Every structure is written in structure tokens, then in C-alpha cells.
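J.: how does the following fold in three dimensions:
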Amino acid sequence: MADMGSIVQKFLAGTGFMNIGPGHVAMIAVGCAFIYLAIRKHYEPLLLVPIGFGILLANIPMPPGFELISKEFMAGTAPPHAVMDYLYLGVIKGFFPPLIFLGIGALTDFSSLIAQPRLVLLGAAAQFGIFATLAGALALGFTAPEAGAIGIIGGADGPTSIFLASRLAPHLIAPIAIAAYSYMALVPVIQPPIMYLLTSKKERQIKMPPAKSASRLERILFPIASFLICTMIAPGATVLLGMLFFGNLMRECGVTDRLSNTARTAFIDIVTILLGVSVGASASAEMFLKPESLKIFALGAASFAVATAAGVLFAKGMNLFTKNKLNPLIGAAGVSAVPDSARVVQMVGAREDPSNFLLMHAMGPNVAGVIGSAIAAGVLWSLLGG
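T.: Numbering: from 1, shown residues only. Next comes the predicted model:
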């Protein structure tokens, strides 16, 4: 009986109910909130469901030796040995983001940007959020590499945020990734108030004429020429932009349909599942609930607001020097949350005038933002890495 009693006592002592703490409860609530937003509000469900469930996985109190992801591995002081360490290699070593970019390239139609090259300026303007956030992170006491990794959240690009964090500040990947994806999902909540604040009703009703269509030759040459130009400017962005434009070339060349279809369907879905669950599983209470994480979340919110405002204001500035007026709402799509920020532009514009169709115009700065954030990441890696 004594042996049976000790066995029962040992069993009870090892259960999650006996070891759960306030931090675990808080993070489980965060994971459930992500899943709720994905299912109920349809905020980036393909990302928030895997990340949310990964957070639940990470915050079940585990006995010693049963950790999903070992703290020593995350700190870079030990090789992988826990269950999730091997999946998390794709995050901490930066494998997953380029593979995501391959799928994004195969999904993306650059025709709107090719037809209106001036829209690339709006994508560039929105990257001001990155450098404003970098300055804010430095002011809050982060080191220069940490500030660079945090700053890229302002580009509204989750894969790029993870990639740069893996290069500059691997110990901050979890809060940076979750902040980036959280605010990407909340684009329909964050952006509209800023867009209304910075534009008049008359400006929101500006109708832009349909853009000319891009020829097949232009669509084929665009990824090749853009890759060469962008990577000459920022060689550090070669792996991200290379996979992005390679995926787009497969889409447009017309002779690799099988590869393109795979890249934009099953392939990107598999990588998204692995990336989302791995990122979520790294957000344990012990690793995540720190003052640094709260600072990163605050900086992330500010960065999205600054990036949105910069794009809208730059579009208004361009209207001072151009005959063909831009609807300044499309400047908000300069953040690289593709295609959600472009959809938000269409939604806000349609509220003012249901006959105003801005979606295709907004896709120009939207895809330019993807390119811009990757270039910014390459520049920051070159300047702050090593």
C-alpha cells in the first residue's frame, strides 16, 4: 500500500494541474485568443490557428526532461534533442522564411506594379516604420542587432521578421515572430482609423483610372530584372528575394505550371503549418513573459501605425506633383501584409463610394512592400550582423 501511495503521489506531482502557474494560464489564454480571432473574426486563420495551438502546446507544464523545446537549444548552448527542437531548427536557422517566400512569389501577381511603376515609391515609404521602430528599440535599451531585428516588424512581414531575428537576435525570435504575425492579423483593426484620420472624404473618393495590363514578356522579365537590381543594392536579401522572384518566374513563364501550382498550394501550406506551430511552441511562459516581450509588442503596434501613416502621407505628397491623382488610401497598402492591407484599402474606399474599386491599384504598393521589407532586412543584416 505504501508503494501504491508513493506511485499515486508521484503521478499527481507530475500532472499539469499540480504544476501550472499564472504565466501558463496567461499564455494559454493568449493561444485561445489567437484561435478565437482566427475562427470568429477570420483574422489570418492560416497563421493564427497553428500559432495559437503551438502556444497551447508550449504552456502545458512538463516534467523535467519532457520539454517540447529545450531552453538550452533555444539559447544556442546545446544541440537539438527535445521533440520540437528539430522542427524549430527551421525557425532558428532561418530555413522556413525563404520557403514561404517561394510560395508567396508563386501566388503573387506583380502586374499592377509593372503597369504603374511609381507605386513602388509607396511601398518604399511604408518601410519608414522599420527605421522608426529601430530608433525606438534603441531608445528602450536594446542592442543594435536586437533593435534591427525588432525594427523589421514595421514591415508587416512575418517571414522576414523571423529571418532577420534568426540572423541578428535568435533569443528574441518568439516575441518578434508572434508580434509580427499578431499585428499582421490585426491589419483590418489597426489601419482604418489611421487612414480616416489622415485623409478627407474627398480624398477617399478619388477614382483612379484602370491601369494598363502588363504583357507576358514584361511579367517574365520583371522577376529577373528586379532580382538582379534589388540584390545588387542589398546582397543580404538575396536568399529571400531570390526565392520570391524564382517563385514568381515559375508562375509567369508558362512552362512550369506543375512546379508553380505545387509552390503556391501544398508546399506553402506545409511550411506554414510547420512555421506556425514551431513559433507558437517557442512561446512558453518562461521564455515569453519578460519585460523585453512587452516592449517588443508595444514597438510592434507603433511600427504598424507609423508605416501606415507614412504610406498615406507619401501618397498625399505625390499628389502635389502629379497630374494623375492617387487615392491616398492606397499608400496604406505599402506595408507588406499581402493581400490583407490591399483588401482594407478596398473596404475603406468602398464605404465612401461603392463604385470605387481600389483593390488592384492597392496591390501595387502592397507587393512593393514585400520587396521593400526584404531589402530593408538585407541592409540591416549587412550593417548590424557579424
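J.: what's the neighbour count on P339?
T.: Counted with other CB atoms under 10 Å, residues neighbouring P339 total 18. The C-beta positions use only the backbone N, C-alpha and C, and glycine is treated the same way.
J.: please report how far C253 lies from D85.
T.: 39 Å (CB to CB, to the nearest Å).
J.: compare those two (neighbour count), which wins?
T.: Using other CB under 10 Å as the criterion, C253 and D85 rank with D85 on top: 20 against 16.
J.: can you check which helix is longest in the chain?
T.: If you go by DSSP state H, the chain has its longest helix at helix 291-319.
J.: what mean pLDDT does that helix have?
T.: Across helix 291-319, the average pLDDT comes to 91.
J.: measure A307 to D157 for me?
T.: To D157, A307 is 11 Å away according to CB to CB.
J.: pLDDT weak spots in the stretch 51-200 of the chain?
T.: Within the stretch 51-200 of the chain, the ranges that satisfy pLDDT under 70 run 75-76.
J.: ok, which stretches of it are strands?
T.: Taking DSSP state E, counting those that start in this stretch as the criterion, the stretch 51-200 of the chain carries no strands.
J.: start from the N-terminal end of the stretch 1-150 of the chain and give the helices.
T.: For the stretch 1-150 of the chain, applying DSSP state H, counting those that start in this stretch gives helices covering 2-14, 16-19, 22-40, 45-58, 71-74, 85-92, 96-107, 111-115, 120-126, 128-139, 144-151.
J.: contacts for the third one?
T.: Looking back up the chat, that one is helix 22-40. For helix 22-40, contacts defined as CB atoms under 8 Å, 6 or more residues apart in numbering pick out 43-45, 47-49, 51-56, 58-61, 182, 185, 280, 283-286, 288-289.
J.: quick one: that helix to helix 45-58, angle?
T.: Interaxial angle, helix 22-40 versus helix 45-58 (axes from the mean of the first three to the mean of the last three CA atoms, to 10 degrees): 160 degrees.
J.: so for helix 22-40, what gets flagged as buried?
T.: For helix 22-40, the neighbour count (16 or more other CB atoms under 10 Å) marks H24, M27, I28, V30, G31, F34, I35, L37, A38 as buried.
J.: mean confidence score for it?
T.: On average, helix 22-40 scores 93.
J.: okay, now I268: neighbour count?
T.: Counted with other CB under 10 Å, the neighbours of I268 add up to 23.
J.: narrow the contacts of helix 22-40 to those that are buried.
T.: Among those, those buried by neighbour count (16+ other CB under 10 Å) are 43-45, 47-49, 51-56, 58-59, 61, 182, 185, 280, 283-285, 288-289.
J.: re earlier: by contact count, what packs against the longest helix of the chain?
T.: helix 120-126, helix 128-139, helix 144-151, helix 173-185, helix 187-198 (3 or more CB pairs under 8 Å, 6 or more residues apart in numbering; DSSP states H and E).
J.: next, format those as CSV and append distance to D269.
T.: What follows is the helices and strands packed on helix 291-319, written out as CSV (distance: least, CB to CB, whole Å):
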stretch, distance to D269
helix 120-126, 26
helix 128-139, 28
helix 144-151, 27
helix 173-185, 16
helix 187-198, 21
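J.: quick revisit: A307 and D157 - which one has more neighbours?
T.: Using other CB under 10 Å as the criterion, A307 and D157 rank with A307 on top: 34 against 31.
J.: and that one, what is it in contact with?
T.: So A307 contacts A126, Q127, F128, G129, I130, G154, G155, A156, G334, V335 (CB under 8 Å, 6+ apart).
J.: select, from those, the two members most distant in space.
T.: The distance between the two most remote of the contacts of A307 (CB to CB) is 12.4 Å, for F128 and A156.
J.: so which of the two has more stuff around it?
T.: Shown here are F128 and A156; by other CB under 10 Å, A156 has more neighbours (35 against 20).
J.: who's in contact with the closest residue in space to the more buried one that isn't next to it in sequence?
T.: Excluding the flanking residues, the one nearest A156 by CB to CB, 6 or more residues apart in numbering is V335, at 3.8 Å. Neighbour list for V335: 126, 129, 155-156, 187, 191, 304, 307-308, 311, 341, 366, 369 [criterion: CB under 8 Å, 6+ apart].
J.: one more pass at 6 Å, please.
T.: By CB atoms under 6 Å, 6 or more residues apart in numbering, V335 lies in contact with A126, A156, A307, S341, G369.
J.: please apply the same query to K201.
T.: Not one residue lies near K201 by CB under 6 Å, 6+ apart.
J.: returning to that earlier point: so which of the helices and strands packed on helix 291-319 gets nearest I114?
T.: helix 120-126 (10.1 Å).
J.: roughly how far does the closest residue to P145 other than its chain neighbours sit from L384?
T.: Leaving aside its sequence neighbours, P145 sits nearest to L168 (CB to CB, 6+ apart; 4.1 Å). In this view, L168 and L384 are 6 Å apart by CB to CB.
J.: and the contacts of stretch 265-282?
T.: With CB under 6 Å, 6+ apart as the criterion, stretch 265-282 contacts 46-47, 50-51, 54-55, 57-58, 68-69, 84, 87-88, 91, 96, 99-100, 103, 174, 177.
J.: so for M1, what's the pLDDT?
T.: Model confidence at M1, given as pLDDT, is 52.
J.: now A368
T.: 94.
J.: name the SS class of it, please.
T.: The three-state assignment at A368 reads helix, by DSSP: H, G, I helix; E, B strand; the rest coil.
J.: nearest residue to it other than its sequence neighbours?
T.: G123 (2.6 Å).
J.: could you do K325 as well?
T.: Closest to K325 by CB to CB, 6+ apart is N319, at 5.1 Å.
J.: wait, that neighbour touches P328, no?
T.: No: if you go by CB atoms under 6 Å, N319 and P328 don't touch, sitting 7.0 Å apart.
J.: higher neighbour count, the two?
T.: Neighbour tally, N319 and P328, criterion other CB under 10 Å: the higher count belongs to P328, 25 against 16.
J.: now do the same contact list for that one.
T.: Contacts for P328 (CB under 6 Å, 6+ apart) come out as T199, E203, V312, A315, K316.
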